[in-house]
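Novice: next comes the sequence, and after it the predicted model I'd like to discuss.
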Amino acid sequence: MPPAPKPTVTPAPSFRPATLIDDFSAFDSSIWLSQCSGCVYADGVLKVDGISQLQRTISSVDALSRIVATLVKNDIRDDHGIVVSRHPTYTWSWSYTNGAVKFVWEGDTKAIIGQTETTDVSCSAERTYNLEINVYGYSVAFADDVCGTLTLSETLGAESSLYVYVGASNGRNPTANGAEWDAVAIWGDGLSGRSDDGEMTFVPTSAPTTYEPAAVTDLFNGFESSLWLAPCSGCSYNSGALYVTGNKQAIRSRGSFSALSKLSGSLGKGETYDNHALAVSTSPAYSFDWQPTTGSVLFGWLGSTKQIVGQFQSTSSVCSFTTTYVIHARFSSTAVTFTDDKCGSLTLSDAIGSEPSLYVYLGADNDAPNEALWLDWSAWGTPAWDYSTPGPSTSPTMLPQPLPTTLPSAVPAPKPSSLPSSIPRPSPSLQPTPIPVPVPTVLPKPAPSPQPTATFAPTEGTPHPTVLPSETPSPKPTPRPTQAPTLNPSLLPSAAPSLMPLPAPSLLPLPAPTGAPTPVPSFPRHEVAAFCIYSSLIFILI
């Protein structure tokens, strides 16, 4: 498996101090259970000689997350090794071991030997190495400042507590110098307080340091609009990390900070020209500049040098390790300091810390198409905005739309209707009106008929004939009794007798339906005369 070009997993939060630190000036019984037989302390270092020489922490470390160490490889056969294991009595082995992961040199090869698989890279330089081991729930990483980073899928980090072993297994002559360790630091949630026999054995030698919590923190699980104004065009988020590609790419704090005292963060430098940059400025529109700029101070890497670019001057030091760094930028009224866990500190006289408000910029200025990796970031100061409320999104926001409804509005519009909006009135018709007329009114029939029928209301005790004209008229009317007609009271005076017929006699037929001719019957003169006489009688009675 080829080595990963850069760290690809997020390290555990590293702003807290290491749980254990040993500079190997002498054996420390508060840290180690016992001194191995091949271990010798001399000249401020630990020298290990022989096969399977390890010494173990006095108890397991809860939530083990990180180990940082410095070693010196004086010979190709100096096979340094660090082991993390759930076993309190682990014995060195170059084979796979259930419950143990080894971070080692084997001759000219650096390797991770997991529980079931291995990854390695050639790394034979005889020199001093600064190395870092990160332990996660489902992977481990092994980085150094010479040969890069190895990663391996591994579940041992999911264990609640693990023992740490430091030593070597080399075949050198016992009279030689041995594999040399200069220092080691271990991060976790603390020692479990138990040894392999279950007894409480660790007692802190000093009171823990109290740390002020950060005002804001970003773990870069995604763009945080409550902290940053807008994402940069070269920024992307993946696996709990911010990747920055391109020149002068930065995200700016959503507002300014007052009384800003410190910025901290973790970053992964996988290539020389991963030019990470962190800046503060009085300007809300600052752009990364490696030349002094009034009102701004830049902390970052430019190639293989770590730099502070102040308002009027700069300072730098060589820092070319391709590994993960924990950095701190501190501000006072007269100076700024830039510290990391690999290359020490830079200090520059600059009064930027006395400014009443400062914006923060984070990103990279990569000349090559590299990806500068940011793992986390925190700030100590007073934000001038409500960072608990997310800011406006730079992406289009889909606002909820009202659901369609058929309910009428406050003033409903009338539906189209053939009905009148006012009180209905009778349509104009050919019915007779209450106003008497000398001639009868033609009424429409329900259906056209060639033989219209005139029906008369009879007088009391005397039936009136019904005249039925036909196409072949008879020489005289044919009397035919009929029932009393149904009268329309609305057309009669309130006091009038019920003698007015509802339907008036029809003398002319209505137009036939479309397409059918309208027959016009002829009436004999004596029938017309009889009708006029009957009509006159009705009029007199009314």
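Specialist: Perfect, thanks for sending it. Numbers count the residues shown, from 1 in each chain.
Novice: can you give me the strands for the stretch 151-300 of the chain?
Specialist: When assigned using DSSP state E, counting those that start in this stretch, the strands of the stretch 151-300 of the chain occupy the ranges 161-168, 179-187, 190-191, 216-218, 235-238, 241-244, 249-252, 257-268, 276-281, 296-302.
Novice: what comes up buried for the longest one?
Specialist: It stands for strand 257-268. Of all the residues in strand 257-268, those buried under the rule 16 or more other Cβ atoms under 10 Å are 257, 260-268. Placement of C-beta: from N, CA and C, glycine included.
Novice: from the residues you listed, which is closest to F338?
Specialist: L263 (9.8 Å; Cβ to Cβ).
Novice: tell me, what's the model's pLDDT at that closest one?
Specialist: Here the pLDDT value assigned to L263 is 94.
Novice: and it, how far from G81?
Specialist: Computed with Cβ to Cβ, to the nearest Å, the distance linking L263 and G81 is 36 Å.
Novice: which residues does Q115 contact?
Specialist: Going by Cβ atoms under 8 Å, 6 or more residues apart in numbering, Q115 touches 96-101, 154-156.
Novice: got a winner among those for most neighbours?
Specialist: Neighbours were tallied for each of these (criterion: other Cβ atoms under 10 Å), and the maximum of 24 neighbours falls on V101.
Novice: is it true that D108 touches C123?
Specialist: Yes. At 6.9 Å, D108 and C123 qualify as touching, with contact defined as Cβ atoms under 8 Å.
Novice: those two: which is more packed in?
Specialist: Set side by side, D108 and C123 show more neighbours around C123, with 19 against 13, by other Cβ under 10 Å.
Novice: can you name the residues that contact that one?
Specialist: When the contact criterion is Cβ under 8 Å, 6+ apart, the partners of C123 are 105, 108-110, 144, 146-147.
Novice: how about 10 Å then?
Specialist: Contact criterion Cβ atoms under 10 Å, 6 or more residues apart in numbering gives 3, 73, 105, 107-111, 129, 144, 146-148, 150 as the residues in contact with C123.
Novice: where does the residue nearest to I133 when sequence neighbours are not counted land on pLDDT?
Specialist: The spatially closest residue to I133, leaving aside those adjacent along the chain, is I67, at 4.2 Å (Cβ to Cβ, 6 or more residues apart in numbering). The pLDDT attached to I67 in the predicted structure is 93.
Novice: could you measure from I67 over to H328?
Specialist: I67 is 20 Å from H328, where distance means Cβ to Cβ.
Novice: how about D43?
Specialist: 31 Å.
Novice: ok, C235 next?
Specialist: Here C235 is placed at a distance of 23 Å from H328 (Cβ to Cβ).
Novice: what touches both of D108 and C123?
Specialist: Between them, D108 and C123 share these contacting residues under Cβ under 10 Å, 6+ apart: K73.
Novice: for the stretch 301-450 of the chain, which segments count as strands?
Specialist: Listed in chain order (using DSSP E, counting those that start in this stretch), the strands of the stretch 301-450 of the chain are 305-309, 314-318, 324-331, 335-340, 344-349, 359-364, 372-383.
Novice: buried deepest among those strands, which one?
Specialist: strand 359-364 (a mean of 26; mean count of other Cβ atoms under 10 Å).
Novice: quick one: the helices in the stretch 101-250 of the chain, in order.
Specialist: For the stretch 101-250 of the chain, helices defined by DSSP state H, counting those that start in this stretch do not occur.
Novice: any stretches of it with poor pLDDT?
Specialist: Counting by pLDDT under 70, the stretch 101-250 of the chain has low-confidence residues at 171-177, 190-212.
Novice: which residue ranges make up the domains of this structure?
Specialist: If the domains of the chain are taken from automatic domain parsing, they occupy 20-191, 216-383, with pieces of a single domain joined by a plus sign.
Novice: the closest residue to N221 other than its chain neighbours: neighbour count?
Specialist: Closest residue to N221 apart from its sequence neighbours, by Cβ to Cβ, 6+ apart: G240 at 5.4 Å. The burial count assigned to G240 is 14, neighbours taken as other Cβ under 10 Å.
Novice: which residues touch E117?
Specialist: Contacts here follow Cβ under 10 Å, 6+ apart; on that basis E117 touches 1, 96, 152-154.
Novice: also Y243?
Specialist: 6, 220, 234-237, 268, 364, 370-374.
Novice: gap between L152 and N98?
Specialist: If you measure L152 against N98 using Cβ to Cβ, the figure is 15 Å.
Novice: contact partners for V360?
Specialist: 216, 227-228, 250-257, 260, 263, 278-281, 286, 329, 377, 379, 381, 383.
Novice: quick check: bridge partners of it?
Specialist: With DSSP bridges as the criterion, V360 is bridged to V280.
Novice: how about the one 4 residues further on?
Specialist: For A364, the beta-bridge partners under DSSP bridges are Q249, H276.
Novice: with W32 instead?
Specialist: The residues paired with W32 through beta bridges, assigned by DSSP bridges, are T57.
Novice: shaky segments in the chain?
Specialist: Within the chain, the stretches falling below the threshold (pLDDT under 70) are 1-17, 171-177, 190-212, 368, 388-542.
Novice: reformat the contacts of Y243 as a markdown table; add distance to S60.
Specialist: Written out in a markdown table, the entries for those read as follows (distance: Cβ to Cβ, whole Å):
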| residue | distance to S60 |
| --- | --- |
| K6 | 31 |
| F220 | 30 |
| G234 | 43 |
| C235 | 39 |
| S236 | 38 |
| Y237 | 34 |
| G268 | 28 |
| A364 | 39 |
| N370 | 39 |
| E371 | 36 |
| A372 | 36 |
| L373 | 31 |
| W374 | 32 |
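Novice: of those residues, closest to Y163?
Specialist: Using Cβ to Cβ, G268 is the member of the contacts of Y243 that sits closest to Y163, with 27.5 Å.
Novice: my guess is the closest one contacts S239, does it?
Specialist: No. Shown here, G268 and S239 do not form a contact pair, counting by Cβ atoms under 10 Å, at 11.4 Å.
Novice: what sits against S122?
Specialist: Applying Cβ under 10 Å, 6+ apart, we find S122 in contact with 3, 107-110, 147.
Novice: let's see it at 7 Å
Specialist: S122 makes contact with 108-109 under the criterion Cβ atoms under 7 Å, 6 or more residues apart in numbering.
Novice: any idea how far I186 is from it?
Specialist: 28 Å.
Novice: could you export the contacts of E117 as TSV, including distance to Q307?
Specialist: Written out in TSV, the entries for these read as follows (distance: Cβ to Cβ, whole Å):
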residue	distance to Q307
M1	35
Y96	44
L152	34
S153	36
E154	36
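Novice: hmm, which two among those are most spread apart?
Specialist: Using Cβ to Cβ, the contacts of E117 span at most 15.1 Å, a distance reached by M1 and Y96.
Novice: once you drop chain neighbours, what's closest to S332?
Specialist: With Cβ to Cβ, 6+ apart as the measure, G353 is the residue that lies nearest to S332, at 5.0 Å, once sequence neighbours are left out.
Novice: count the neighbours of that neighbour for me.
Specialist: Using other Cβ under 10 Å, the number of residues around G353 comes to 19.
Novice: now do the one 5 residues further on
Specialist: Applying other Cβ under 10 Å, we find 27 residues neighbouring L358.
Novice: that one and S345, how far apart?
Specialist: As judged by Cβ to Cβ, L358 and S345 stand 21 Å apart.
Novice: residue contacts, the nearest residue to A111 once chain neighbours are set aside?
Specialist: The spatial neighbour of A111 that comes closest, neighbours along the chain excluded (Cβ to Cβ, 6+ apart), is D120 at 3.6 Å. Contacts here follow Cβ under 7 Å, 6+ apart; on that basis D120 touches 109-111.
Novice: surely Y138 and L152 touch.
Specialist: No. Judged on Cβ atoms under 7 Å, Y138 makes no contact with L152 at a distance of 10.3 Å.
Novice: which non-adjacent residue is nearest D79?
Specialist: With Cβ to Cβ, 6+ apart as the criterion, D79 has its nearest non-adjacent residue at 4.5 Å, and that residue is N170.
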